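S.K.: Curious how this folds, go ahead:
(one chain, ligands or ions: 1)
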Amino acid sequence: MKEVTKYALAMTVVAALSPLTLSAEPQPTPAPKTCAITLAYEASVLPSVLDAIRLNLTRTFSCGVRLAELPPSFGGLTGVQQEAAIREIMKSGELMAIALVHQANQEGFRAARYPKVNAAVVNLAVLETPGADTSTVNPQYIGRSLRESVRVAARLLGMEECKNPRCGLRKPEQDPVRDAIGTNLCPPCSRKSKALLSEKGFRPEIQSR
Ligand SMILES: [Zn+2]
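M.R.: Modelled structure (predicted):
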């Protein structure tokens, strides 16, 4: 055997044994979890509103949003029972759940939070303008529903309220003209949400453009 051939053979063996080989095969790394949000809803939530919320959450957080119907009696359950019902609906490893209800008869009930399951309940009925025409879907109501669901999701992710007047994470009480606030996150909040997601081991499912 020629010296050159022997050398080449030796290098092939070294390359095959070495963990630092520069082969084309990528080294296996723990795969990040796919980011997923459960959007649970009562049958009384209008399908067009539900669809707009789902799309807006998908875009804002680059997460997959899975729809799940709540039990018919959900709005009337106690907090402990609501938490248990959400736990049953969520799939293991999901980031959070947002439950949408439309309880016009519950004075003052705006939202509830269940930190143990990382979930929140939002009552969309309180976002309606009193006396507004309910035969068509009011654009103000849609805007408020989008903003409120983004705000709740961002808070569940661990974000603080934002001072940017156009950011959906702005505290609603701070602005008398709440309908002028945006329905998604401002660029710094958006970057922060992505950083928080990867900190929690989630990979955004949908690549942001
Ligand atoms: Zn912001």
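S.K.: helix or strand right after the top helix by length along the chain?
M.R.: Looking across the chain with DSSP state H, the single longest helix is helix 139-157. Remark: after helix 139-157, the chain's next helix or strand is helix 187-199, criterion DSSP states H and E.
S.K.: Just the residues contacting the following helix or strand past that next one, thanks.
M.R.: Taking DSSP H and E as the definition, the helix or strand that follows helix 187-199 towards the C-terminus is strand 202-203. The contact list for strand 202-203, computed with C-beta atoms under 8 Å, 6 or more residues apart in numbering, reads 31-35, 63, 95, 197. For the C-beta atoms, the positions are set from N, CA and C on the backbone; glycine is no exception.
S.K.: Pro72: which of these is nearest?
M.R.: Within the set of those, Leu95 lies nearest Pro72; the separation is 26.1 Å, counting by C-beta to C-beta.
S.K.: which residues sit in contact with that closest one?
M.R.: Neighbouring residues of Leu95 by C-beta under 8 Å, 6+ apart: 35-37, 63, 118, 157, 197, 200, 202.
S.K.: Now neighbour count, pLDDT and distance to the ion too, for those, in JSON lines please.
M.R.: JSON lines is the format used below for the contacts of Leu95 (neighbours: other C-beta atoms under 10 Å; pLDDT from 0 to 100; distance: C-beta to the ion, whole Å):
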{"residue": "Cys35", "neighbour count": "23", "pLDDT": "85", "distance to the ion": "20"}
{"residue": "Ala36", "neighbour count": "18", "pLDDT": "91", "distance to the ion": "23"}
{"residue": "Ile37", "neighbour count": "23", "pLDDT": "95", "distance to the ion": "19"}
{"residue": "Cys63", "neighbour count": "25", "pLDDT": "91", "distance to the ion": "18"}
{"residue": "Asn118", "neighbour count": "16", "pLDDT": "96", "distance to the ion": "21"}
{"residue": "Leu157", "neighbour count": "20", "pLDDT": "95", "distance to the ion": "13"}
{"residue": "Leu197", "neighbour count": "20", "pLDDT": "93", "distance to the ion": "16"}
{"residue": "Lys200", "neighbour count": "13", "pLDDT": "89", "distance to the ion": "19"}
{"residue": "Phe202", "neighbour count": "22", "pLDDT": "86", "distance to the ion": "20"}
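S.K.: just curious, which of the residues you listed is nearest to Gly168?
M.R.: Looking at those and their distance to Gly168, the nearest is Leu157, at 12.7 Å (C-beta to C-beta).
S.K.: Identify the residue spatially nearest to that closest one, adjacent ones excluded.
M.R.: In space, not counting the residues next to it along the chain, Leu157 is nearest to Leu196; the distance is 5.3 Å by C-beta to C-beta, 6 or more residues apart in numbering.
S.K.: Return the subset of the contacts of strand 202-203 lying in strands.
M.R.: Secondary-structure check on the contacts of strand 202-203 using DSSP state E: residues within strands are 33-34.
S.K.: Quick check: the residue nearest to Leu157 vs Leu39, distance?
M.R.: The span separating Leu196 from Leu39 equals 19 Å under the rule C-beta to C-beta, to the nearest Å.
S.K.: Neighbour count: the two, which is higher?
M.R.: Here Leu196 and Leu39 are set side by side on neighbour count (other C-beta atoms under 10 Å), and the busier one is Leu39, at 21 against 15.
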